[in-house]
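A.B. asks: fold the following for me, if possible:
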Amino acid sequence: MGKESQMQKFYNLLLEFKNKKILFWGASNFLKEFIKNNDLSPFDIEGIVDKNEERWGTLLGGYTIFPPKTLIQKKDLCVIPAIVNNSDKIYQEISAFINLIKSQDVFLTENVFSKEITPKTLSSNHIYIIDSENNSYEVSYLEGLKVVWLGSNSIIKIYSDKLPNIKNMTIYCKSDCEVTIGFNCIIKDLLISMTGDESRISIGNSFTVNSGEIIMGKESGTKIVIGNDCMFSSDIYIRSSDSHTVYDNLSGQIHNTPQEVIIGNHVWLGKGVNILKGAEISDNSVAAARSIVNKKFKESNVVIAGIPAHIVKRNISWDRRCTEEYIATKQ
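C.D. replies: Numbering: from 1, shown residues only. As a prediction, this is how the structure comes out:
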């Protein structure tokens, strides 16, 4: 179908929703030309949604470009896809996003460009949002998350019934890797580097972090497990590998092979805690600020502190609330 025919088909779609508020998805060259060549004054155009952050707040043909999360605040609105290239895949992403925000007031129109251009080969890497009913939505973009694919056949699974609470998270992902993030997590300023094949990281439900780095090195098959309801402060540093080799001069034996890291349920890491390869912290425990944890702590309900970390208190529990709020609930 030629461009003129595409333009006419797109205009006819607008006519179907003349009495609705309309939001275009995609600040494309096609849309720019369409706005230039057509009188849109009969229509109630709210603006344009685009996932490119550099475009947010700018104008295209006199219409403001908004981030996708704008849809959460909109009522009685129809969204019209305006992207021609790879349109079927983009349409699936828009549909998944609208399903994710659970809006009953946003209607997605048909894709008038469907199968107009042969879609590009789909990536063998995938990002899925999975809700509590086990519905799975594949997305290639999620605000606050940057993924750098360094290989193939890797998967990121984020469990959420709404838009995930993620801000400035970056994941470097080699081949055959898997990242799992549980429900109700709040993630800020977190780097995950998986530069070895077949690496695995699992983060449980209700995990929070203010800032940190999780480094898995270039070795294959490394693993990090973080349990449910863990609270990480800022400047947290976790690694399952030293990234370099220490060996015996006589025998050639390697002294520092990678080892998995396990952090149990309901573990609080204070500011600047370092967790090194082979470390384990058991359930309901606290690692004090600036501690360096380099061994397995199988005993639960403990406070560990120091360089290297050792047990300084036993038979403890902790609560996310401050002491005053906690005491008030006990009275």
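A.B. asks: all helices for this protein, in order.
C.D. replies: Taking DSSP state H to define them, one finds helices in the chain at 3-16, 29-37, 87-100, 323-330.
A.B. asks: can you tell me which of these is nearest to Val49?
C.D. replies: Among these, the nearest to Val49 by CB to CB is helix 87-100 (8.7 Å). Heads up, the C-betas are built off the backbone N, CA and C, glycines and all.
A.B. asks: name the nearest residue to Leu14, sequence neighbours excluded.
C.D. replies: Spatially, and ignoring its direct neighbours in sequence, Leu14 is nearest to Phe43 (5.7 Å; CB to CB, 6 or more residues apart in numbering).
A.B. asks: backbone dihedrals for the one you found, both of them.
C.D. replies: Backbone geometry at Phe43, expressed as degrees, to the nearest 10, gives phi -110, psi 150.
A.B. asks: buried set for stretch 266-283?
C.D. replies: Neighbour counts using 16 or more other CB atoms under 10 Å place 266-270, 272-283 of stretch 266-283 among the buried residues.
A.B. asks: and it, end to end?
C.D. replies: Taking CA to CA, to the nearest Å, stretch 266-283 runs 6 Å from one end to the other.
A.B. asks: for that stretch, the distance to its chain's centre please.
C.D. replies: What separates the centre of stretch 266-283 from the centre of its chain is 22 Å, taken as CA atoms, centre = their mean, to the nearest Å.
A.B. asks: and it, what's its mean pLDDT?
C.D. replies: Mean pLDDT, computed over stretch 266-283, is 98.
A.B. asks: now do stretch 79-91
C.D. replies: 81.
A.B. asks: count of neighbours near Asn315?
C.D. replies: 8 (other CB atoms under 10 Å).
A.B. asks: for it, give me its contacts.
C.D. replies: Asn301 (CB atoms under 8 Å, 6 or more residues apart in numbering).
A.B. asks: how much space between the residue nearest to Ile187 when sequence neighbours are not counted and Glu325?
C.D. replies: Closest residue to Ile187 apart from its sequence neighbours, by CB to CB, 6+ apart: Ile166 at 4.8 Å. Note on Ile166: its distance to Glu325, by CB to CB, to the nearest Å, is 27 Å.
A.B. asks: compare those two (neighbour count), which wins?
C.D. replies: Between Ile166 and Glu325, Ile166 has the larger neighbour count (other CB under 10 Å), namely 18 against 10.
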